[in-house]
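>>> need a structure here:
(one chain, ligands or ions: 1)
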Amino acid sequence: MRKSKRCLRIGTRGSDLALAQTEQVLQILRERWPHYTYEIVKIKTTGDKVRNLALPRIGGKGLFTKELEVALLEEKIDLAVHSLKDLPTELPEELCVGAVLPREHPGDVLISLTGAGLEDLPEGARIGTSSLRRQAQLKAARPDLNFVPLRGNVPTRLRKLEKGECEAVVLAWAGLRRLRLDLTGRMTLLPYQVCLPAVAQGAIGVEMRKEDRELRKMVEVLDDPTTRLEVTAERAFLRWLGGGCHVPIAALARVAGAEILLEGLVADPEGKRIVRGQESGSTAYPEEVGIRLAERLLREGAEELLRG
Ligand SMILES: NCc1[nH]cc(CCC(=O)O)c1CC(=O)O
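Below you'll find the model as predicted:
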(Lines give C-alpha, C1' and ligand atoms only; values in the text may rest on other atoms or scores of the structure.)
Protein backbone atom coordinates (compact mmCIF):
# COMPACT_ATOMS: atom_id res chain seq x y z
CA MET A 1 0.00 0.00 0.00
CA ARG A 2 1.20 3.46 -0.81
CA LYS A 3 1.49 5.71 2.18
CA SER A 4 0.42 9.05 0.73
CA LYS A 5 -2.96 9.02 -0.93
CA ARG A 6 -2.80 9.43 -4.64
CA CYS A 7 -4.62 12.40 -6.12
CA LEU A 8 -6.70 11.43 -9.13
CA ARG A 9 -7.11 14.20 -11.64
CA ILE A 10 -10.30 13.94 -13.66
CA GLY A 11 -10.37 15.86 -16.94
CA THR A 12 -13.62 17.16 -18.38
CA ARG A 13 -15.03 19.81 -20.66
CA GLY A 14 -16.50 22.76 -18.82
CA SER A 15 -20.08 22.55 -20.15
CA ASP A 16 -22.91 21.98 -17.69
CA LEU A 17 -23.55 18.56 -19.19
CA ALA A 18 -19.90 17.51 -19.06
CA LEU A 19 -19.64 18.65 -15.45
CA ALA A 20 -22.84 16.80 -14.47
CA GLN A 21 -21.41 13.62 -16.01
CA THR A 22 -18.09 14.09 -14.27
CA GLU A 23 -19.87 14.67 -10.97
CA GLN A 24 -21.61 11.32 -11.43
CA VAL A 25 -18.27 9.58 -11.94
CA LEU A 26 -16.68 11.40 -9.04
CA GLN A 27 -19.46 10.48 -6.65
CA ILE A 28 -19.09 6.76 -7.29
CA LEU A 29 -15.29 6.85 -7.08
CA ARG A 30 -15.34 8.87 -3.84
CA GLU A 31 -17.75 6.52 -2.20
CA ARG A 32 -15.92 3.36 -3.21
CA TRP A 33 -12.37 4.70 -2.86
CA PRO A 34 -12.57 7.26 -0.04
CA HIS A 35 -8.87 7.16 0.71
CA TYR A 36 -7.91 8.93 -2.47
CA THR A 37 -8.18 12.61 -3.20
CA TYR A 38 -9.82 13.88 -6.35
CA GLU A 39 -9.46 16.94 -8.48
CA ILE A 40 -11.57 18.08 -11.42
CA VAL A 41 -9.57 19.63 -14.25
CA LYS A 42 -11.62 21.60 -16.80
CA ILE A 43 -10.22 21.59 -20.30
CA LYS A 44 -11.45 23.57 -23.32
CA THR A 45 -11.70 21.55 -26.50
CA THR A 46 -11.68 22.76 -30.11
CA GLY A 47 -15.41 22.14 -30.20
CA ASP A 48 -15.87 24.58 -27.32
CA LYS A 49 -13.78 27.23 -29.03
CA VAL A 50 -15.41 27.25 -32.46
CA ARG A 51 -18.99 27.60 -31.28
CA ASN A 52 -20.26 29.61 -34.21
CA LEU A 53 -19.22 27.24 -37.01
CA ALA A 54 -21.37 24.43 -38.30
CA LEU A 55 -19.92 21.16 -37.08
CA PRO A 56 -20.17 19.25 -40.35
CA ARG A 57 -18.06 22.04 -41.90
CA ILE A 58 -15.31 21.95 -39.33
CA GLY A 59 -15.30 18.18 -39.63
CA GLY A 60 -12.37 16.51 -37.99
CA LYS A 61 -12.70 13.76 -35.46
CA GLY A 62 -12.46 14.22 -31.74
CA LEU A 63 -13.53 17.85 -31.72
CA PHE A 64 -14.75 17.50 -28.13
CA THR A 65 -12.20 14.94 -26.93
CA LYS A 66 -8.77 15.50 -28.47
CA GLU A 67 -7.45 18.01 -25.92
CA LEU A 68 -8.50 15.66 -23.12
CA GLU A 69 -6.57 12.82 -24.77
CA VAL A 70 -3.50 15.02 -25.07
CA ALA A 71 -3.77 15.84 -21.35
CA LEU A 72 -3.96 12.10 -20.58
CA LEU A 73 -0.90 11.37 -22.71
CA GLU A 74 1.02 14.22 -21.08
CA GLU A 75 -0.04 12.89 -17.66
CA LYS A 76 -1.72 16.15 -16.74
CA ILE A 77 -4.88 14.21 -15.92
CA ASP A 78 -5.52 10.54 -15.03
CA LEU A 79 -9.08 10.10 -16.28
CA ALA A 80 -11.13 11.81 -18.97
CA VAL A 81 -14.92 11.72 -18.82
CA HIS A 82 -16.62 11.89 -22.23
CA SER A 83 -20.04 11.57 -23.79
CA LEU A 84 -19.11 8.37 -25.55
CA LYS A 85 -20.85 9.45 -28.72
CA ASP A 86 -18.30 12.24 -29.11
CA LEU A 87 -15.30 9.90 -28.77
CA PRO A 88 -13.75 8.72 -32.06
CA THR A 89 -13.65 4.97 -32.62
CA GLU A 90 -9.86 4.98 -32.94
CA LEU A 91 -8.00 5.85 -29.73
CA PRO A 92 -4.32 6.66 -29.35
CA GLU A 93 -2.35 3.43 -28.78
CA GLU A 94 -1.56 4.28 -25.13
CA LEU A 95 -5.21 4.95 -24.14
CA CYS A 96 -8.29 2.84 -23.47
CA VAL A 97 -11.89 3.21 -22.36
CA GLY A 98 -11.51 2.01 -18.77
CA ALA A 99 -15.23 2.11 -17.96
CA VAL A 100 -18.60 2.68 -19.56
CA LEU A 101 -21.34 3.85 -17.21
CA PRO A 102 -24.93 2.53 -17.29
CA ARG A 103 -26.65 4.06 -20.27
CA GLU A 104 -29.52 6.51 -20.12
CA HIS A 105 -32.40 6.13 -22.58
CA PRO A 106 -30.47 6.54 -25.85
CA GLY A 107 -33.26 8.21 -27.84
CA ASP A 108 -33.72 11.69 -29.28
CA VAL A 109 -36.52 14.04 -28.29
CA LEU A 110 -38.34 16.75 -30.19
CA ILE A 111 -38.88 19.92 -28.20
CA SER A 112 -41.27 22.64 -29.29
CA LEU A 113 -42.87 25.54 -27.44
CA THR A 114 -46.33 24.09 -28.03
CA GLY A 115 -45.39 20.49 -27.29
CA ALA A 116 -46.30 19.51 -30.85
CA GLY A 117 -45.06 16.09 -31.92
CA LEU A 118 -43.43 15.48 -35.29
CA GLU A 119 -46.80 14.96 -37.03
CA ASP A 120 -48.34 18.10 -35.51
CA LEU A 121 -45.65 20.57 -36.55
CA PRO A 122 -46.90 23.12 -39.09
CA GLU A 123 -46.09 22.69 -42.77
CA GLY A 124 -42.53 23.83 -43.48
CA ALA A 125 -41.63 24.19 -39.80
CA ARG A 126 -38.01 25.04 -39.00
CA ILE A 127 -36.14 22.44 -36.96
CA GLY A 128 -33.00 23.50 -35.15
CA THR A 129 -30.27 20.87 -35.41
CA SER A 130 -26.82 20.69 -36.98
CA SER A 131 -26.83 16.91 -36.88
CA LEU A 132 -26.96 15.37 -40.37
CA ARG A 133 -28.17 12.15 -38.79
CA ARG A 134 -31.20 13.90 -37.31
CA GLN A 135 -31.84 15.97 -40.43
CA ALA A 136 -31.78 13.00 -42.80
CA GLN A 137 -34.14 10.91 -40.72
CA LEU A 138 -36.62 13.70 -40.00
CA LYS A 139 -36.64 14.72 -43.67
CA ALA A 140 -37.46 11.16 -44.60
CA ALA A 141 -40.44 11.29 -42.23
CA ARG A 142 -41.48 14.88 -43.07
CA PRO A 143 -40.01 16.10 -46.37
CA ASP A 144 -41.60 19.55 -45.93
CA LEU A 145 -39.51 20.43 -42.86
CA ASN A 146 -36.72 22.99 -42.99
CA PHE A 147 -33.54 22.85 -40.97
CA VAL A 148 -31.57 25.59 -39.32
CA PRO A 149 -28.07 24.94 -37.98
CA LEU A 150 -28.04 25.00 -34.20
CA ARG A 151 -24.96 24.62 -32.09
CA GLY A 152 -23.82 25.37 -28.59
CA ASN A 153 -24.57 23.71 -25.30
CA VAL A 154 -27.99 22.28 -24.55
CA PRO A 155 -29.29 25.37 -22.64
CA THR A 156 -28.09 27.65 -25.47
CA ARG A 157 -30.03 25.61 -28.01
CA LEU A 158 -33.18 25.77 -25.90
CA ARG A 159 -32.82 29.54 -25.66
CA LYS A 160 -32.71 29.75 -29.46
CA LEU A 161 -36.02 27.90 -29.54
CA GLU A 162 -37.50 30.34 -27.03
CA LYS A 163 -36.31 33.26 -29.13
CA GLY A 164 -38.22 31.89 -32.10
CA GLU A 165 -35.25 30.98 -34.30
CA CYS A 166 -37.04 27.72 -35.02
CA GLU A 167 -40.29 25.88 -34.22
CA ALA A 168 -38.58 22.87 -32.67
CA VAL A 169 -35.20 21.44 -31.71
CA VAL A 170 -34.00 17.86 -31.48
CA LEU A 171 -31.78 16.82 -28.59
CA ALA A 172 -30.63 13.65 -26.91
CA TRP A 173 -32.89 12.61 -24.05
CA ALA A 174 -29.82 11.70 -22.01
CA GLY A 175 -28.45 15.23 -21.97
CA LEU A 176 -31.74 16.75 -20.82
CA ARG A 177 -32.07 14.14 -18.16
CA ARG A 178 -28.58 14.67 -16.79
CA LEU A 179 -29.09 18.41 -16.71
CA ARG A 180 -32.36 17.77 -14.85
CA LEU A 181 -34.20 19.97 -17.32
CA ASP A 182 -37.93 19.58 -16.95
CA LEU A 183 -39.52 19.99 -20.36
CA THR A 184 -42.82 18.33 -19.55
CA GLY A 185 -45.46 19.45 -22.02
CA ARG A 186 -42.91 20.55 -24.58
CA MET A 187 -41.17 17.32 -25.35
CA THR A 188 -41.97 14.17 -27.28
CA LEU A 189 -39.72 11.14 -27.60
CA LEU A 190 -38.90 10.26 -31.21
CA PRO A 191 -39.36 6.52 -31.79
CA TYR A 192 -36.29 4.63 -33.04
CA GLN A 193 -38.18 3.86 -36.24
CA VAL A 194 -38.27 7.61 -36.94
CA CYS A 195 -34.92 8.67 -35.48
CA LEU A 196 -32.31 6.05 -34.67
CA PRO A 197 -29.74 7.45 -32.22
CA ALA A 198 -26.06 8.17 -32.78
CA VAL A 199 -23.58 5.45 -31.94
CA ALA A 200 -23.13 5.34 -28.14
CA GLN A 201 -25.67 8.10 -27.51
CA GLY A 202 -26.61 8.25 -23.84
CA ALA A 203 -23.45 6.50 -22.63
CA ILE A 204 -20.59 8.02 -20.63
CA GLY A 205 -17.08 6.69 -21.22
CA VAL A 206 -14.05 7.07 -18.98
CA GLU A 207 -10.80 7.16 -20.92
CA MET A 208 -7.39 6.56 -19.33
CA ARG A 209 -3.84 5.36 -19.85
CA LYS A 210 -3.66 1.61 -20.41
CA GLU A 211 -0.55 1.24 -18.27
CA ASP A 212 -2.18 2.75 -15.16
CA ARG A 213 -2.94 -0.63 -13.57
CA GLU A 214 -3.98 0.73 -10.20
CA LEU A 215 -6.56 3.01 -11.74
CA ARG A 216 -7.83 0.42 -14.19
CA LYS A 217 -8.80 -1.74 -11.27
CA MET A 218 -10.44 1.18 -9.49
CA VAL A 219 -12.65 2.30 -12.39
CA GLU A 220 -14.16 -1.17 -12.74
CA VAL A 221 -16.74 -0.01 -10.17
CA LEU A 222 -18.06 2.43 -12.78
CA ASP A 223 -18.42 -0.10 -15.58
CA ASP A 224 -21.75 -1.50 -16.74
CA PRO A 225 -21.08 -4.71 -18.74
CA THR A 226 -24.36 -4.54 -20.68
CA THR A 227 -23.82 -0.96 -21.83
CA ARG A 228 -20.25 -1.82 -22.70
CA LEU A 229 -21.37 -4.69 -24.94
CA GLU A 230 -23.89 -2.46 -26.67
CA VAL A 231 -21.53 0.40 -27.36
CA THR A 232 -18.78 -2.01 -28.41
CA ALA A 233 -21.05 -3.42 -31.13
CA GLU A 234 -22.15 0.08 -32.20
CA ARG A 235 -18.62 1.47 -32.28
CA ALA A 236 -17.35 -1.53 -34.28
CA PHE A 237 -20.14 -0.81 -36.80
CA LEU A 238 -19.09 2.84 -37.10
CA ARG A 239 -15.38 2.02 -37.30
CA TRP A 240 -15.96 -0.52 -40.08
CA LEU A 241 -17.93 2.05 -42.07
CA GLY A 242 -15.11 4.52 -41.54
CA GLY A 243 -17.69 7.26 -41.16
CA GLY A 244 -17.14 10.68 -39.66
CA CYS A 245 -19.69 13.47 -39.34
CA HIS A 246 -20.21 13.99 -43.06
CA VAL A 247 -22.54 11.08 -43.74
CA PRO A 248 -25.54 10.37 -41.51
CA ILE A 249 -24.94 7.15 -39.57
CA ALA A 250 -27.02 5.79 -36.70
CA ALA A 251 -26.97 2.57 -34.68
CA LEU A 252 -28.49 1.06 -31.60
CA ALA A 253 -27.63 -2.26 -29.96
CA ARG A 254 -29.63 -4.10 -27.34
CA VAL A 255 -28.50 -7.03 -25.23
CA ALA A 256 -31.14 -9.71 -24.71
CA GLY A 257 -29.87 -12.70 -22.77
CA ALA A 258 -26.79 -14.03 -24.53
CA GLU A 259 -27.59 -12.16 -27.73
CA ILE A 260 -26.84 -8.72 -29.08
CA LEU A 261 -29.33 -7.17 -31.47
CA LEU A 262 -27.92 -4.34 -33.53
CA GLU A 263 -29.88 -2.02 -35.77
CA GLY A 264 -28.11 0.51 -37.94
CA LEU A 265 -28.45 2.82 -40.90
CA VAL A 266 -26.53 4.97 -43.33
CA ALA A 267 -28.35 7.77 -45.15
CA ASP A 268 -27.75 10.57 -47.61
CA PRO A 269 -28.02 14.00 -45.95
CA GLU A 270 -31.34 14.73 -47.71
CA GLY A 271 -32.93 11.60 -46.31
CA LYS A 272 -33.83 10.44 -49.82
CA ARG A 273 -32.03 7.15 -49.39
CA ILE A 274 -31.72 5.28 -46.14
CA VAL A 275 -29.95 1.92 -46.04
CA ARG A 276 -31.11 0.26 -42.86
CA GLY A 277 -30.73 -3.21 -41.39
CA GLN A 278 -30.33 -5.45 -38.36
CA GLU A 279 -27.94 -8.18 -37.29
CA SER A 280 -27.68 -10.24 -34.16
CA GLY A 281 -24.99 -12.39 -32.59
CA SER A 282 -23.44 -13.68 -29.42
CA THR A 283 -22.51 -11.32 -26.58
CA ALA A 284 -19.17 -13.15 -26.65
CA TYR A 285 -18.30 -11.27 -29.88
CA PRO A 286 -19.88 -7.82 -29.84
CA GLU A 287 -17.51 -6.40 -32.46
CA GLU A 288 -18.31 -9.17 -34.86
CA VAL A 289 -21.99 -8.16 -34.84
CA GLY A 290 -21.05 -4.57 -35.66
CA ILE A 291 -18.75 -5.58 -38.49
CA ARG A 292 -21.31 -7.97 -39.94
CA LEU A 293 -23.98 -5.26 -40.02
CA ALA A 294 -21.54 -2.77 -41.56
CA GLU A 295 -20.58 -5.27 -44.29
CA ARG A 296 -24.20 -5.95 -45.04
CA LEU A 297 -25.19 -2.29 -45.32
CA LEU A 298 -22.12 -1.58 -47.47
CA ARG A 299 -23.26 -4.29 -49.89
CA GLU A 300 -26.82 -2.94 -49.86
CA GLY A 301 -25.88 0.59 -50.94
CA ALA A 302 -24.11 2.26 -48.00
CA GLU A 303 -20.80 2.06 -49.89
CA GLU A 304 -22.13 4.50 -52.48
CA LEU A 305 -23.54 6.85 -49.84
CA LEU A 306 -20.23 6.91 -47.98
CA ARG A 307 -18.27 7.65 -51.13
CA GLY A 308 -20.75 10.49 -51.62
N1 LIG B 1 -22.97 16.29 -29.72
C2 LIG B 1 -23.17 16.92 -28.45
C3 LIG B 1 -23.65 15.97 -27.43
N4 LIG B 1 -22.87 14.97 -26.98
C5 LIG B 1 -23.60 14.22 -26.09
C6 LIG B 1 -24.87 14.78 -25.99
C7 LIG B 1 -25.97 14.28 -25.17
C8 LIG B 1 -25.67 13.18 -24.20
C9 LIG B 1 -25.41 11.85 -24.83
O10 LIG B 1 -25.83 11.57 -25.95
O11 LIG B 1 -24.79 11.03 -24.15
C12 LIG B 1 -24.90 15.90 -26.81
C13 LIG B 1 -26.03 16.84 -26.99
C14 LIG B 1 -27.13 16.29 -27.86
O15 LIG B 1 -26.87 15.58 -28.84
O16 LIG B 1 -28.30 16.60 -27.59
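>>> what about stretch 267-275, average pLDDT?
For stretch 267-275, mean pLDDT rounds to 94.
>>> If you count neighbours, what's buried in that stretch?
Across stretch 267-275, burial judged by 16 or more other C-beta atoms under 10 Å covers 267-269, 271, 274-275. Quick note: C-beta positions are derived from backbone N, CA and C, even for glycine.
>>> Repeat that for stretch 95-110.
Across stretch 95-110, burial judged by 16+ other C-beta under 10 Å covers 95-101, 103-104, 106-110.
>>> Can you pick out the most distant pair from the buried residues of stretch 267-275?
The distance between the two most remote of the buried residues of stretch 267-275 (C-beta to C-beta) is 13.6 Å, for 269 and 275.
>>> doesn't residue 82 fall inside a helix?
No. Read with DSSP: H, G, I helix; E, B strand; the rest coil, residue 82 is strand and lies in no helix.
>>> is it true that it touches residue 68?
Yes. Using C-beta atoms under 8 Å, residue 82 makes contact with residue 68 at a distance of 7.0 Å.
>>> Show me whatever sits in contact with both of the two.
Counting by C-beta atoms under 8 Å, 6 or more residues apart in numbering, the residues touching both residue 82 and residue 68 are residue 207.
>>> Would you pull up the residue in the stretch 201-308 of the chain closest to the ligand?
Per C-beta to the nearest ligand atom, residue 201 is where the stretch 201-308 of the chain lies closest to the ligand, at 4.0 Å.
>>> tell me the contacts of that residue?
By C-beta under 8 Å, 6+ apart, the residues touching residue 201 are 85, 106-108, 172, 174.
>>> Which of these fall in helices?
Judged by DSSP state H, the subset of the contacts of residue 201 located in helices is residue 174.
>>> Give me the subset of the contacts of residue 201 that also touch the ligand.
Of the residues in the contacts of residue 201, proximity to the ligand by C-beta under 6 Å from any ligand atom holds for 85, 172, 174.
>>> can you redo those residues as TSV with neighbour count, pLDDT and distance to residue 214?
Supplementary listing: these in TSV, determined by neighbours: other C-beta atoms under 10 Å; pLDDT from 0 to 100; distance: C-beta to C-beta, whole Å:
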residue	neighbour count	pLDDT	distance to residue 214
85	22	96	29
172	24	97	33
174	24	97	30
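>>> and those residues as TSV, adding distance to residue 78?
Below are these laid out as TSV (distance: C-beta to C-beta, whole Å):
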residue	distance to residue 78
85	23
172	27
174	25
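>>> Show me which residues of the chain sit near the ligand.
83, 85-86, 154, 171-172, 174-175, 201-202.
>>> switch the cut-off to 5 Å
Within the chain, the positions near the ligand by C-beta under 5 Å from any ligand atom are 83, 85, 171-172, 174-175, 201-202.
>>> follow-up on the earlier one: will you turn the buried residues of stretch 267-275 into a markdown table that also has secondary structure?
Listed next are the buried residues of stretch 267-275 as a markdown table, based on three-state DSSP:
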| residue | secondary structure |
| --- | --- |
| 267 | strand |
| 268 | coil |
| 269 | coil |
| 271 | coil |
| 274 | strand |
| 275 | strand |
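>>> any idea which of those residues is closest to residue 44?
Nearest to residue 44, judged by C-beta to C-beta, of the buried residues of stretch 267-275 is residue 269 at 29.3 Å.
>>> what about the nearest residue to the closest one once chain neighbours are set aside, distance to residue 307?
Nearest residue to residue 269 in three dimensions, chain neighbours excluded: residue 132, at 5.0 Å (C-beta to C-beta, 6 or more residues apart in numbering). Distance of residue 132 to residue 307, computed by C-beta to C-beta, to the nearest Å: 16 Å.
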